[in-house]
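Trainee: Sequence and predicted structure are below.
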Amino acid sequence: MTGFSDSDQAMSLVAFTAVATITLLLCVMTGPDRDDLDEFYTGYSSLSPLRNGLAIAGDYISAATVLGTGGVIALYGYDGIVLALSTALSLMLLMFLLAEPLRNAGRFTMGDAFARRTPGRAARIAACVVTLAALLPMMLVQLAGTGQLLAFILGFSSDELKTGVIVGVGVLMISYAAIGGMKGTALIQILKIVLLLGSGAAVAALVLNRFDWSPGALFDAAAANSGVGDAFLSSGLEFQAGPAPEIDMITSQLAVVLGGACLPHVTMRMYTASSARQVRRSMSWAVSCVALFVVVITVVGFGATALIGREAIATADPQGNTAYLLGSRAAFGAEVSTAETFLFTTVTSAIFLTVLASVAGMILACANSLAHDVFAARVQEMTPRREMTLARLSALAVGVPAILLATMVQHRSLQPLVTVSFCIGASALAPALVYSLFWRRYTRTGLLTTLIGGTLAVLVLMPGTNLVSGSPHSAFPEADFNFFPFTTTGLVTIPLGFAFGWLGTVLSSRRQADEQRRQYEAVEGWILAGVTRRGK
């Protein structure tokens with residue numbers, strides 16, 4: 001039982017249908033109406049800093065972040081707060097270190113930024129492969145989680161219905177990306193973040209009101225109702241089963257901080273800003289939204305534990321992915337007014353819209369990279385019409401396999417897939433971006449070894465973690481091929497990613513190093529100072 005009344009479920013179903021219909025209509029209305037690459041890929045950089053900042057925050061806060069982080073807070077207390085703060089710190093790192101140079105170096109995709117430094121198809125193809133490797137697992141998490149989420153809210157348990165939900169939502173996502181382009185998906189992200197933060201802030205206020213507006217009383221009640229006492233407010237509870245909980249926790253947070261903001265669906269939003277000043281202002285709004293989200297998710301997560309108990313949350317979902325919804329429902333008390341029913345419907349609609357927007361942004365990032373970095377790069381003079389057609393077909397080529405794979409993994413623990421995405425971001429994309437934007441000696445060989453070596457290191461080590469096997473809550477609880485003692489691979493793969501880039505550069509020929517250093521010096525002013533807005 002979910003604890004949701006028939007009226008909650010009926011209103012939620014109506015709201016989901018309305019959200020899907022309205023957002024698809026908005027995509028059709030705001031999508032590109034002519035064959036113009038700048039319009040499709042960046043929306044002509046026409047968004048104001050506020051709207052672009054909201055879109056960046058919308059892309060950054062995925063459904064996995066809302067539900068997963070809320071669950072960690074509700075189940076593990078202090079460790080969850082650190083995770084939430086790490087997500088905000090990651091976006092701040094992007095803001096202060098990478099946002100402006102990345103916007104100046106690229107045009108449409110991350111492959112553009114790498115090719116600006118090391119021209120050639122190899123850099124673009126490697127960027128596309130790593131983009132797919134980083135975002136496909138996250139897409140599977142969002143899509144597979146959609147079926148479970150709607151089943152939980154609407155009270156059905158049929159596997160056929162869950163699969164049908166995944167397919168239906170996946171088709172919507174492909175439509176958003178193919179029809180709306182960057183501007184259409186940006187509008188959905190803006191609606192999502194406004195609805196998510198607005199409804200979340202209202203629920204957080206109700207939770208605090210239940211505890212006389214005292215955060216201390218809320219935390220004490222959560223600890224008392226957690227079943228673990230003061231350990232709920234201390235570090236290490238989430239990783240206590242491992243051999244080195246403190247190291248495991250630090251490694252996990254490092255993967256989030258370095259990897260979260262380097263994922264391609266987030267960095268592509270840098271190219272929608274028309275100037276360096278605009279990207280700074282956009283990032284300021286984005287960081288502010290994420291900071292508010294951290295406050296909201298912390299209050300609602302602790303409220304869930306304080307009001308219904310850690311055991312009830314774990315019973316509903318061992319990963320705690322339903323904690324945000326359970327906490328929102330519990331904040332209303334036993335008697336629910338019409339206004340509170342409407343607010344709960346808004347909360348569920350916001351989460352549904354979060355799933356729609358998140359997957360649409362990821363499909364768009366993958367499709368853009370396939371069309372622009374792989375197919376268009378093969379032809380000297382490809383027409384805008386043909387490239388846009390390829391981008392739309394690429395959305396289909398990415399989306400259909402994602403839907404099929406999501407239906408296959410929906411009954412497994414999805415945490416390993418989330419971790420793979422963040423670890424690839426931290427171990428391959430973050431080192432490649434830092435080196436490409438700031439290291440003069442960096443060569444094409446160094447770039448390729450960073451991207452390929454960092455990604456392969458994650459994919460080799462991840463199956464050996466306890467998230468995949470060896471524990472009751474792993475993806476394969478019936479098996480045990482655990483050979484890596486930590487939850488994430490970051491402790492090994494992040495240093496390896498930087499080491500691969502250094503080694504590949506050092507081993508490059510003197511001629512290649514000198515040539516590519518001259519190439520970097522020729523564009524250094526563009527990258528670091530934004531002297532001009534370049535063409536293709």
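Mentor: Here it is on my side, so go on.
Trainee: okay, CA-based contacts and neighbour counts for the rest of this
Mentor: Will do.
Trainee: low-confidence ranges in the chain?
Mentor: For the chain, the stretches flagged by pLDDT under 70 are 1-6, 33-35, 43-46, 380, 526, 529-536.
Trainee: any idea how far Val171 is from Thr30?
Mentor: Distance, Val171 to Thr30, using Cα to Cα, to the nearest Å: 19 Å.
Trainee: same thing with Tyr442?
Mentor: Between Tyr442 and Thr30 the distance, using Cα to Cα, works out to 41 Å.
Trainee: And Thr267, by the same measure?
Mentor: Thr267 is 22 Å from Thr30, by Cα to Cα.
Trainee: And for Phe114?
Mentor: Per Cα to Cα, Phe114 is found 30 Å from Thr30.
Trainee: ok, now Gly301?
Mentor: Relative to Thr30, Gly301 is positioned 36 Å away (Cα to Cα).
Trainee: who has more neighbours, the two?
Mentor: Comparing Gly301 with Thr30 by other Cα atoms under 10 Å, the one with more neighbours is Gly301, at 33 against 18.
Trainee: That one belongs to a strand?
Mentor: No. Per DSSP: H, G, I helix; E, B strand; the rest coil, Gly301 lies outside any strand segment and is helix.
Trainee: surely it meets Ile73?
Mentor: Yes. With contact defined as Cα atoms under 8 Å, Gly301 reaches Ile73; the gap is 5.4 Å.
Trainee: Looks like Ala475 contacts Val468 (just checking).
Mentor: Yes. Using Cα under 8 Å, Ala475 is in contact with Val468, at 4.8 Å.
Trainee: Give the residues shared as contacts by those two.
Mentor: Taking Cα atoms under 8 Å, 6 or more residues apart in numbering as the contact rule, Ala475 and Val468 both touch Pro416.
Trainee: and these two? which has more neighbours close in?
Mentor: Val468 (25 against 22).
Trainee: Now the phi/psi pair for that one, please.
Mentor: phi -90, psi -40 (degrees, to the nearest 10).
Trainee: and what of the one 10 residues further on?
Mentor: Here the main-chain torsion angles of Glu478 (degrees, to the nearest 10) amount to phi -80, psi -10.
Trainee: And the one 3 residues further on, by the same measure?
Mentor: Dihedral angles phi and psi of Phe481 (degrees, to the nearest 10) take the values phi -120, psi 40.
Trainee: Please name the residues that touch it.
Mentor: Counting by Cα under 8 Å, 6+ apart, Phe481 has contacts Pro463, Gly464, Ser469, Gly470.
Trainee: which ones are touching the closest residue in space to Thr487 that isn't next to it in sequence?
Mentor: Leaving aside its sequence neighbours, Thr487 sits nearest to Thr465 (Cα to Cα, 6 or more residues apart in numbering; 5.6 Å). Contacts for Thr465 were tallied using Cα under 8 Å, 6+ apart; they are Asn482, Phe483, Phe484, Pro485, Phe486, Thr487, Thr488, Thr489.
Trainee: which of those count as buried?
Mentor: Asn482, Phe486, Thr487, Thr488, Thr489 (16 or more other Cα atoms under 10 Å).
Trainee: what's the closest of the residues you listed to Ala323?
Mentor: Distance to Ala323, by Cα to Cα, is smallest for Thr487 among the buried ones among the contacts of Thr465, at 21.8 Å.
Trainee: Would you check that that closest one makes contact with Asp248?
Mentor: Yes. With contact defined as Cα under 8 Å, Thr487 reaches Asp248; the gap is 6.4 Å.
Trainee: give me the element Phe156 is part of.
Mentor: Following DSSP states H and E, one finds Phe156 outside all helices and strands.
Trainee: for it, what are its contacts?
Mentor: Applying Cα under 8 Å, 6+ apart to Phe156 gives no contacts.
Trainee: what's the spacing between it and Pro119?
Mentor: For Phe156, the distance to Pro119 - Cα to Cα - is 53 Å.
Trainee: do the same with Leu507
Mentor: Applying Cα to Cα to Leu507 and Pro119 gives a distance of 19 Å.
Trainee: Neighbour count: the two, which is higher?
Mentor: Neighbour totals were compared for Leu507 and Pro119, and Pro119 leads with 16 against 12 (other Cα under 10 Å).
Trainee: Can you report phi and psi for that one?
Mentor: Residue torsions, per degrees, to the nearest 10, at Pro119 are phi -60, psi 150.
Trainee: what would the contacts of Phe481 look like in a markdown table with distance to Ala371 and secondary structure?
Mentor: Shown next, in a markdown table, are the contacts of Phe481 (distance: Cα to Cα, whole Å; DSSP: H, G, I helix; E, B strand; the rest coil):
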| residue | distance to Ala371 | secondary structure |
| --- | --- | --- |
| Pro463 | 31 | helix |
| Gly464 | 34 | helix |
| Ser469 | 37 | strand |
| Gly470 | 40 | coil |
